[in-house]
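>>> How does the following fold in three dimensions:
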Amino acid sequence: MFKHRVNWPAVILIAPVVIVLLAVGIYPLLFALDVSFRQFQLTMSAFKTTWTWSRTRSFGNR
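Numbers count the residues shown, from 1 in each chain. As a prediction, the model looks like this:
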């Protein structure tokens, strides 16, 4: 029958766009999946410090 020819210039021009769109769509999905299996405790700081005004320095006091 008929042999289908691939239009290579079109494939070369469209392939980067398809790759970027897949990455933009798949990365957030994988990130959300990863975060959903982690256990967060929002009442504790990541650095084990309490952020109060007494520990911060103002610009005038050194």
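>>> What count of nearby residues applies to L33?
Using other Cβ atoms under 10 Å, L33 has 9 other residues around it. Yep, even glycine has a C-beta here, placed from its N, CA and C like the rest.
>>> Actually, I12.
If you count neighbours by other Cβ under 10 Å, I12 ends up with 9.
>>> Over to V35?
By other Cβ under 10 Å, the residues close to V35 number 9.
>>> how near is it to K3?
As judged by Cβ to Cβ, to the nearest Å, V35 and K3 stand 48 Å apart.
>>> same thing with S36?
S36 is 48 Å from K3, by Cβ to Cβ.
>>> shaky segments in this protein?
Along the chain, segments meeting pLDDT under 70 span 1, 40-62.
>>> Swap in 80 and give it another go.
Low-confidence segments of the chain (pLDDT under 80): 1-2, 39-62.
>>> show me where it has helices.
8-36 (DSSP state H).
>>> if we can go back for a sec, who's more crowded, S36 and K3?
Per other Cβ under 10 Å, whichever of S36 and K3 has more neighbours is S36, with 7 against 4.
>>> Good, we can wrap up now.
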